[in-house]
Structures are given as C-alpha cells and as structure tokens.
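K.L.:
here's my sequence, what's the structure:
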Amino acid sequence: VGKTTLAATFARPSQMGQVYYHDAERSGNNFVASLQQSSLQMKYVSLSDRFTDLPDSNDLLNRIVNGQMPWVDAKTRNGLIEYYEYILQDLNTNLNGQYTVYVMDTIERLEAGMAAWVDAHRKESGVTTTAHGRMWTEGVYPLYENLISSIHARGVKTVIFTSHLKTPWENNRPVINKVVPSGKKILYLLSRFMIWLVKDGDNADGAPAGLILKERLAEYAIDNETDEWIVKRQLPQRIPHCTWQDIYYYLQNGCDLANPKPGEVMSSDERELISELLTNKQMEL
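P.N.:
As a prediction, this is how the structure comes out:
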C-alpha cells in the first residue's frame with residue numbers, strides 16, 4: 001500500500017496445508033492469472049518451480065532454526081547457494097525499472113539459500129559464530145534487508161512475499177488444529193504492513209477477512225497549539241472484508257478503535273491462530 005511498502009502475506013489458514021502457486025497457464029491459479037491480466041506492472045517469481053530436487057522447504061527451515069545445518073553433502077549446500085544466486089541474477093537482469101509490483105512466491109527456500117550462502121562465506125558475512133541464532137542476525141538478516149532495498153531501488157513500489165503454512169510440533173507430536181507461517185520472522189521486522197488472510201463466511205463475494213499483524217500506516221500530524229505529534233492509527237485490528245479497496249478506504253477514513261464495528265475485532269480463535277507471532281500485550285502496544 002503506497003511507495004516502498006513490503007507486504008508479507010500468508011496463504012489462507014482455512015486451507016490447512018501448503019499452497020504452491022505455479023505458472024498460471026499450467027496450474028490454473030486464479031490469483032496469479034488475475035494479476036497477470038490486470039494493468040499492474042507486475043513481476044511474479046515462482047520459487048517453487050526451480051530446483052525441485054532440493055529438500056522440503058519446511059524441513060530445511062526447521063533444521064536451520066534449530067542450529068542444524070541441513071546440507072547432507074556439498075551438492076545440497078551448493079544447490080541452495082545456486083538458488084540464492086539465481087534470484088539475485090534474476091533481479092539484476094530482469095528488474096530494470098519497468099515493474100511497480102514484485103511478488104516472490106514462496107520464500108522458504110530463498111531463506112534457506114541465504115543461510116547456505118552465509119555458512120559458506122562466514123568471513124565475508126561477518127559471522128563470528130552460529131550460536132544463539134547469529135547465523136541469522138549477523139548473516140542472513142543483512143542479506144534480507146539489502147535484497148529488499150535492491151528491489152525498491154529498481155522502481156518497485158510494492159513487494160509481496162508469501163510463505164507456506166505448517167503445523168507446529170510440541171513434544172515430538174503435531175499440534176492439532178493449529179497452523180503457523182513458515183519462514184523466518186525477519187519479515188515482521190522489515191515490513192510496514194503484515195496481514196494474515198482468513199476465510200469469513202459473512203462475505204457473500206468470497207472475500208477474506210484480514211488479521212492485522214503489523215501496520216506502520218498511521219496518520220501523523222502536529223498540534224500547532226501544543227507543538228506535539230498526533231499519531232492516529234487508521235486500520236482496525238481486523239478488516240472484516242479485506243480487499244485492496246477496503247484497505248484504501250480505511251487509510252483514507254480511519255476507524256473508531258474505541259467503538260469498533262462488527263467484524264473489526266478478532267475472535268478468540270483468531271487470536272490463538274496468530275499467537276505464534278503476536279501476544280495480547282504486543283497487540284495492545
């Protein structure tokens with residue numbers, strides 16, 4: 001929404017599984033097909049179609065997060081490095097100012113490729129140790145920030161990254177009726193607007209509702225009498241009918257947070273759904 005915005009979106013949790021968007025003509029993906037037929041100057045990159053022989057995306061990230069580098073041999077690690085470098089080369093050669101929207105779908109193997117590159121270039125990355133998550137904080141996160149900056153530097157106004165959903169595990173067992181986003185939470189730190197789309201049966205047109213995980217789209221003004229900043233949040237915690245038009249409407253007209261309209265407050269089930277990302281205290285803040 002607006003210039004230099006990063007929107008991180010997740011597949012609808014009602015689907016309860018992994019969603020792969022392939023080439024629209026071959027897979028019949030209505031979302032991608034509609035975007036391609038629109039007037040948007042859009043660059044869509046499907047990362048699921050390349051290097052299909054690499055390990056499963058969720059398995060890659062779970063093992064990396066737990067400090068276990070998943071490359072069983074040099075071939076696997078080199079494949080992930082090639083994956084990351086392929087994306088950089090694609091950005092460098094095919095993103096030269098003609099696109100305003102950039103969609104990358106999905107991001108798990110991109111993140112694993114970054115980790116593989118950092119592991120193979122620790123000195124150049126400034127990684128002193130992989131303990132305490134420093135592989136990510138010292139190595140991967142700077143790559144992520146520079147990747148996004150390079151996309152925006154080539155004229156892109158809106159970047160959309162998608163990730164799969166996965167079932168969390170506790171005590172070596174899957175948690176029933178629970179899904180969480182795959183991928184690293186660095187996008188939560190870097191994004192201006194982060195939303196989780198959920199199915200809402202009250203929307204006759206099939207539009208989803210949107211659970212706001214993060215937004216930095218508030219209105220800022222100065223009170224000339226007190227010489228103080230006035231900050232007003234424009235979006236509710238839940239957008240009951242969530243399309244780009246609805247989001248624009250809220251940004252223009254705001255909302256009444258003290259007296260929310262029906263559907264503008266998350267249910268207890270929806271709060272539980274996003275609990276891996278935000279606690280109640282974080283939502284209040």
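K.L.:
for the host helix or strand of S149, buried residues please.
P.N.:
Assessed by DSSP states H and E, S149 sits inside helix 141-153. Buried positions in helix 141-153, judged by neighbour count with 16 or more other CB atoms under 10 Å: Y141, L143, Y144, L147, I148, I151, H152. Every C-beta, even on glycine, is put in place using the N, C-alpha and C of the backbone.
K.L.:
A115: which of these is nearest?
P.N.:
The closest of those to A115 turns out to be L143 (CB to CB; 9.3 Å).
K.L.:
which non-adjacent residue is nearest that closest one?
P.N.:
Nearest residue to L143 in three dimensions, chain neighbours excluded: M114, at 5.0 Å (CB to CB, 6 or more residues apart in numbering).
K.L.:
what separation do you get for that neighbour and K75?
P.N.:
In this view, M114 and K75 are 18 Å apart by CB to CB, to the nearest Å.
K.L.:
cool, and G155?
P.N.:
G155 is 37 Å from K75, by CB to CB.
K.L.:
higher neighbour count, these two?
P.N.:
For G155 and K75, the more surrounded residue by other CB atoms under 10 Å is G155, and the numbers stand at 14 against 10.
K.L.:
quick one, what contacts that one?
P.N.:
Residues near G155 by CB atoms under 8 Å, 6 or more residues apart in numbering: G97, Q98, Y99, T100.
K.L.:
would you confirm that the last one contacts S38?
P.N.:
No: no contact is recorded between T100 and S38 when judged using CB atoms under 8 Å, the distance being 11.6 Å.
K.L.:
burial check on N94, number of neighbours?
P.N.:
N94 has 12 nearby residues by other CB under 10 Å.
K.L.:
nearest residue to it in space, please, no chain neighbours.
P.N.:
What sits nearest to N94 in space, not counting adjacent residues and going by CB to CB, 6+ apart, is K43, at 7.1 Å.
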